[in-house]
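Undergrad: Structure, please.
(2 chains)
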Amino acid sequence: ETGVTQSPTHLIKTRGQQVTLRCSSQSGHNTVSWYQQALGQGPQFIFQYYREEENGRGNFPPRFSGLQFPNYSSELNVNALELDDSALYLCASSLLQGVRGTEAFFGQGTRLTVV
Amino acid sequence: AQRVTQPEKLLSVFKGAPVELKCNYSYSGSPELFWYVQYSRQRLQLLLRHISRESIKGFTADLNKGETSFHLKKPFAQEEDSAMYYCALIKDSNYQLIWGAGTKLIIKP
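TA: All right, here's what the predicted structure looks like:
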């Protein structure tokens, strides 16, 4: 068991609504990355948080935002939901110490369906 | 732009046969490459990374900079190898992973 937990596991929202997804990182990890995985595709990087600061962002609009808390858990917020936001959202935690190749441990994902 | 390509969406081989899952990449810097695996109803997990140069569950992968490839190989497939396999590359600026679309490997008995 990797220790990375995400909640909720499944969620159905209506177009235009807002959603918050949560991730509890593995003990000792200081970095959380969020990915969106559409059906039949590989994950796409949304953003990364390192010690409560955003540390990189992928090609996602500003309505995708996040937070990292002092205990290194994290939230992903999506405003004004669109049908294309329906996907599996993955959280990965890692320990960033300036060394490349830090292994990322993944949560089980949150399946978001926008109707 | 950085990109990871896995040309096969599905690969089906018989138990005991050799397996090769293809991965090609485009990256302007010095790449850091990984293979992740997702077994049925389980989360994504790291299988191996090129800097480790190790064999995990009988799988190996060699980085070929000339061909910009990082193919995953196993000489004798086992039924428990059936899973989704993703090749990924680390973008060195902030360690974000760039992923291929994945290959579903089915091992037939």
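Undergrad: Run a quick neighbour tally on A:Asn59.
TA: 7 (other C-beta atoms under 10 Å in any protein chain shown). (Glycine included, C-beta is placed from N, CA and C.)
Undergrad: middle-most residue in chain A, spatially?
TA: A:Trp34 (2.8 Å; C-alpha atoms, centre = their mean).
Undergrad: Now that residue. Nearest residue, chain neighbours left out?
TA: A:Ile46 (4.3 Å; C-beta to C-beta, 6 or more residues apart in numbering or on different chains).
Undergrad: which residues are contacting the helix or strand bottoming out on mean pLDDT in chain B?
TA: Lowest on mean pLDDT, DSSP states H and E among the helices and strands of chain B sits strand B:96-99, with a mean of 86. Contacts to strand B:96-99, defined as C-beta atoms under 8 Å, 6 or more residues apart in numbering or on different chains, come from residues A:33, A:35, A:42-45, A:48, A:56, A:58, A:92, A:104, B:2-4, B:34, B:86-91.
Undergrad: elements contacting the helix or strand just after that strand?
TA: Next helix or strand after strand B:96-99 toward the C-terminus (DSSP states H and E): strand B:103-108. Here strand B:103-108 touches strand B:10-14, strand B:19-21, strand B:83-91, going by 3 or more C-beta pairs under 8 Å, 6 or more residues apart in numbering or on different chains; DSSP states H and E.
Undergrad: Give me every residue in chain B lying close to chain A.
TA: Within reach of chain A by C-beta under 8 Å from any C-beta of the partner chain, chain B has these residues: B:4, B:6, B:9, B:32, B:43-46, B:49, B:51, B:86, B:88, B:90, B:92-102.
Undergrad: that older thread, what are the buried residues along the least confident helix or strand of chain B?
TA: B:Gln96, B:Leu97, B:Ile98, B:Trp99 (16 or more other C-beta atoms under 10 Å in any protein chain shown).
Undergrad: Each with direction, which strands does that strand pair with?
TA: strand B:83-91 (antiparallel) (DSSP bridges).
Undergrad: quick one: buried residues of the partner strand?
TA: Per 16+ other C-beta under 10 Å, strand B:83-91 contains these buried residues: B:Ala83, B:Tyr85, B:Tyr86, B:Cys87, B:Ala88, B:Leu89, B:Ile90, B:Lys91.
Undergrad: That's all I had, so thanks and see you.
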